[in-house]
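Engineer: Everything below, folded, please.
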Amino acid sequence: MRRGISAAMVAAAVIFALGAAQADTPTVGTDSNLPVPRYVSLRTQDANGRHGPGLEHPVDWIYQRVGLPLQVTGESGPWRRVVDPDGAVVWIHAQNLDARRMAYVREASTLRRDPRANAREIAYLDQGVVGALTGCDGDWRRVAVGGRVGWVQASALWGAECEGL
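Structural biologist: Numbers count the residues shown, from 1 in each chain. The predicted structure is shown next:
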């Protein structure tokens, strides 16, 4: 009896350890072989965001804004399940997506010359502005918007995680 309990405890410990090891391993997309989740951007105007992965699924959204950052959270063949800055979850064909990293301004903020709160102001960014994400420095993100390049606090942006940049 004691041997059975010991074996069960060892088996439980092994299963727990394997589960913990898998949690640390990044998930890779079954079709793209790229990390999931990851950030991408919209490549084409008038891209259909569908309720499911396939042309037979209804269109929930038609995305107009080229460069809009999206987070890929799943894959099914050529289809990618994405989350947009408003939190909507849809499926978009991979041909409508670009690997270029972009950031969405969640709240009005200041574009600064250097990654410091007291650095010179370059421009004011309104909510909804989209810019190319080009670098990270602590809690600051380097973005290019309308020909200007500067730094914005990460908390004011969506899609601006440094991983994979």
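Engineer: is it true that R116 lies in a helix?
Structural biologist: No: per DSSP: H, G, I helix; E, B strand; the rest coil, R116 lies outside any helix segment and is coil.
Engineer: Contact partners for it?
Structural biologist: W140, W151 (Cβ atoms under 8 Å, 6 or more residues apart in numbering). For glycine as for every other residue, the C-beta is placed from the backbone atoms N, C-alpha and C.
Engineer: try it again with 6 Å
Structural biologist: By Cβ atoms under 6 Å, 6 or more residues apart in numbering, the contact set of R116 is empty.
Engineer: how much space between P115 and A156?
Structural biologist: P115 sits 13 Å away from A156, going by Cβ to Cβ, to the nearest Å.
Engineer: Give me the neighbour count for R101.
Structural biologist: Neighbourhood size, R101 [other Cβ atoms under 10 Å]: 20.
Engineer: Over to I62?
Structural biologist: I62 is flanked by 10 other residues according to other Cβ under 10 Å.
Engineer: who's it bridged to?
Structural biologist: Applying DSSP bridges to I62 yields these beta-bridge partners: N48.
Engineer: Quick one: name whatever helix or strand follows the lowest-mean-pLDDT helix or strand in the chain.
Structural biologist: Least confident helix or strand, the chain: helix 2-24 with a mean of 45, by mean pLDDT, DSSP states H and E. Remark: after helix 2-24, the chain's next helix or strand is strand 27-28, criterion DSSP states H and E.
Engineer: Kindly report the domain assignment for the chain.
Structural biologist: Taking automatic domain parsing as the reference, the chain has its domains at 27-100, 103-158.
Engineer: which one is T27 nearest to, not counting chain neighbours?
Structural biologist: Counting by Cβ to Cβ, 6 or more residues apart in numbering, V36 is the residue found nearest to T27 once chain neighbours are left out, at 4.9 Å.
Engineer: tell me which element H57 is part of?
Structural biologist: Of the helices and strands defined by DSSP H and E, none includes H57.
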